[in-house]
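> starting from these lines, generate the structure:
(one chain, ligands or ions: 1)
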Amino acid sequence: MGVLENKARARTFYKYLSKVYDTINPFIWDERMRDEAIEMLDVAPEDRVLDIGCGTGFATEGLLQHVDTVYGLDQSPHQLSKAYQKFGKRGNVRFHVGDAERLPFKDDTFDVVWSSGSIEYWPNPVDALEECRRITKPGGTVLIVGPDYPNSSLFQKVADAIMLFYDEAEADRMFEAAGFERFEHHIQQSRPGSPRAITTIADVPE
Ligand SMILES: C[S@@+](CC[C@H](N)C(=O)[O-])C[C@H]1O[C@@H](n2cnc3c(N)ncnc32)[C@H](O)[C@@H]1O
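Residues are numbered from 1 along each chain as shown. So this is what the prediction gives:
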């Protein structure tokens, strides 16, 4: 398990990274990739949408171009304070401080559950994916963006030491173990040579 697949360490990491997150983030996960992933969803303005690991609100901002209200959850108060500066604490984003593995919502609450760039920090990703399924309405959609497993053995060693990087076979295993039956993966990339994202869009069984 990578050093940042630990909730306390990830929280400390984001205490510092939150200061520069919005400057660094576009080199790996940019607006074009985010909007391409949002286009994979079929969202209506009145849909109830949750952004898990919303951080400073980069994806939340994109989702708000399509829906009236977004629920944003993150375990880092430092990341969330950046998001409050952008959206206000009580505007059309309903913020929650919380853990992806123990979501503070009732069964069948959301039409869409989204999470970009957060799964790699979750120590028990299958538990969190089960939580995503539980709180999404039957027939709803879960979309998860994570880091694709690198090809070179050197980068694989570095990646494994830091956090969860996974390929399509591993994504299949995780989503099946979490009770999803129908899902597909898309590989996304900002530019040739930059790190790839693996984006999985899953239907919640009826
Ligand atoms: C790379 S940032 C992604 C932010 C945003 N989703 C985006 O698309 O730019 C990862 C976020 O996941 C959050 N995170 C990590 N582990 C978490 C957990 N167990 N529960 C909730 N949030 C978590 C971090 O605090 C951080 O804000």
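
> report the distance from the top strand by length along the chain to the chain centre.
For the chain, the longest strand by residue count, based on DSSP state E, is strand 136-147. Relative to its parent chain, strand 136-147 has a centroid offset of 10 Å by CA atoms, centre = their mean, to the nearest Å.

> now the angle between strand 136-147 and the very next helix or strand once past that strand, please.
Following strand 136-147 in sequence order, the next helix or strand is helix 153-162 (DSSP states H and E). Angle of helix 153-162 versus strand 136-147, following axes from the mean of the first three to the mean of the last three CA atoms, to 10 degrees, is 130 degrees.

> quick one: helix 153-162 to chain centroid distance?
With CA atoms, centre = their mean, you get 21 Å for helix 153-162.

> the helix or strand following that helix to strand 136-147, inter-axis angle?
For helix 153-162, the following helix or strand on the C-terminal side (DSSP H and E) is helix 168-177. Computed by the same axes, to 10 degrees, the angle separating helix 168-177 from strand 136-147 equals 160 degrees.

> which strands border the helix or strand that comes right after helix 168-177, and is each parallel or antiparallel?
Next helix or strand after helix 168-177 toward the C-terminus (DSSP H and E): strand 182-189. As defined by DSSP bridges, the strand partners of strand 182-189 come to strand 196-203 (antiparallel).

> and the one residue sitting closest to the centre of the chain, backbone torsions?
Geometric centre of the chain, nearest residue: S115, 2.0 Å, by CA atoms, centre = their mean. Dihedral pair for S115: phi -150, psi 120, per degrees, to the nearest 10.

> quick revisit: buried stuff in the longest strand of the chain?
Using 16 or more other CB atoms under 10 Å as the test for burial, strand 136-147 gives 136-137, 140-147. Bear in mind the C-beta positions are built from the backbone N, C-alpha and C, glycine included.

> what's the closest non-adjacent residue to D108?
K137 (4.7 Å; CB to CB, 6 or more residues apart in numbering).

> now for that neighbour: which residues touch it?
Contacts for K137 (CB atoms under 8 Å, 6 or more residues apart in numbering) come out as 108-111, 204.

> now list the buried members of the residues you listed.
Applying 16+ other CB under 10 Å to these flags 109-111, 204 as buried.

> can I get those in CSV including pLDDT and secondary structure?
Formatted as CSV, the buried ones among the contacts of K137 follow (pLDDT from 0 to 100; DSSP: H, G, I helix; E, B strand; the rest coil):
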residue, pLDDT, secondary structure
T109, 98, coil
F110, 98, strand
D111, 98, strand
V204, 97, coil
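
> of these, closest to the ligand?
F110 (15.4 Å; CB to the nearest ligand atom).

> can I get the buried residues of strand 136-147 in JSON lines including distance to W122?
Formatted as JSON lines, the buried residues of strand 136-147 follow (distance: CB to CB, whole Å):
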{"residue": "T136", "distance to W122": "17"}
{"residue": "K137", "distance to W122": "22"}
{"residue": "G140", "distance to W122": "20"}
{"residue": "T141", "distance to W122": "19"}
{"residue": "V142", "distance to W122": "14"}
{"residue": "L143", "distance to W122": "15"}
{"residue": "I144", "distance to W122": "10"}
{"residue": "V145", "distance to W122": "13"}
{"residue": "G146", "distance to W122": "9"}
{"residue": "P147", "distance to W122": "12"}
